[in-house]
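*Asks:* Provided below for reference: sequence and predicted model.
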Amino acid sequence: MTLLVELAVARSGDKGDIVNIAVIAHDDAAYQRVVAAVTAARVKTYFRDWVRGPVERYELPNLGAVNFVLHGALGGGVARTLRIDSLGKAMGLAVLRMEVPQE
């Protein structure tokens, strides 16, 4: 297995109870692996009960990136949650620890 951090970087942010995570591949080969392995369903499963709503995935091939929108991901929003490190920034870093199968 390979960790996603070996294939890509992430940029993320939050607004209310929604987290946005862009996974940007290092090169074309890495992008193909990310598209094949990092699905919306896998991201939702990876974060388990931290994400209570749907996860949407958008492919951006010109940028070599995949964007994820995680609904219900901050326990009601940064100002309302009792969760430590609930910001989208932390979740963007966390997704990079996801395991990606070898080709």
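*Replies:* Looks like it came in fine. Numbering: from 1, shown residues only.

*Asks:* contacts for the longest helix along the chain?
*Replies:* The residue-count maximum for a helix in the chain (DSSP state H) belongs to helix 28-37. If you take CB atoms under 8 Å, 6 or more residues apart in numbering as the criterion, helix 28-37 is touched by 2, 4, 7-8, 23, 25, 59, 61, 64-66, 100-101, 103. No exception for glycine: its C-beta is placed from N, CA and C like everyone else's.

*Asks:* ok, 7 Å please
*Replies:* Leu7, Ala8, Val23, Ala25, Glu59, Gly64, Val66, Val100, Pro101, Glu103 (CB atoms under 7 Å, 6 or more residues apart in numbering).

*Asks:* can you tell me which of these are buried?
*Replies:* Leu7, Ala8, Val23, Ala25, Gly64, Val66, Val100 (16 or more other CB atoms under 10 Å).

*Asks:* so what pairs up with Tyr58 in the strands?
*Replies:* Beta-bridge partners for Tyr58, by DSSP bridges, are Asn67.

*Asks:* same for the lowest-mean-pLDDT helix or strand in the chain, what does it pack against?
*Replies:* When each helix and strand of the chain is scored by mean pLDDT, DSSP states H and E, helix 88-95 comes last, with a mean of 86. On a contact count with 3 or more CB pairs under 7 Å, 6 or more residues apart in numbering; DSSP states H and E, helix 88-95 meets strand 8-15, strand 18-25.
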